[in-house]
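In: Okay, predicted coordinates and the sequence, questions at the end:
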Amino acid sequence: MPYDQSLDNKLFTKSFEGDTGKITISVHSYNNGPKKLQMIRENTDEEGNARFAKLGRLTKPEIVGVLPIIQEAVGVMD
């Protein structure tokens, strides 16, 4: 069965903006299935355009910034 965007419900989304871009935390439920957390990194290039990048490793300031957002997202997952 192929992915159907109309079945993907976004229940929560919030972003942390750092020096080089932002990390977005969201909670999704596909076809009323289990709620899952997603983390996306977008880096900003020299012209100020956002570009998707692997999340990879986090710096301490990024962890401190996203941790409250993750905790808030977990509350949505109950």
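Out: Perfect, thanks for sending it. Residues are numbered from 1 along each chain as shown.
In: Excluding chain neighbours, what is closest to the spatially most central residue of the chain?
Out: Centrality entry for the chain: nearest residue to the mean C-alpha point is residue 25, 2.6 Å, by C-alpha atoms, centre = their mean. For residue 25, ignoring the flanking residues on the chain, the nearest one in space by C-beta to C-beta, 6 or more residues apart in numbering is residue 69 at 4.6 Å. Backbone N, C-alpha and C define where each C-beta goes, glycine included.
In: Residue 25 is in what secondary structure piece?
Out: Assessed by DSSP states H and E, residue 25 sits inside strand 21-30.
In: and the helix or strand following that strand with strand 21-30, angle?
Out: Next in sequence after strand 21-30, counting helices and strands by DSSP H and E, comes strand 35-44. Relative orientation of strand 35-44 versus strand 21-30 (axes from the mean of the first three to the mean of the last three C-alpha atoms, to 10 degrees): 150 degrees.
In: C-alpha coordinates for the helix or strand just after strand 35-44, PDB please?
Out: Where DSSP H and E defines the elements, the next helix or strand beyond strand 35-44 is strand 50-53. Presented in PDB, the C-alpha positions along strand 50-53 are these (Å, rounded to 0.1, in the frame of the first residue of the first chain):
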ATOM      1  CA  ALA A  50      16.500  26.600   4.500                       C
ATOM      2  CA  ARG A  51      17.800  23.200   3.400                       C
ATOM      3  CA  PHE A  52      16.900  19.800   4.800                       C
ATOM      4  CA  ALA A  53      19.800  18.000   6.400                       C
END
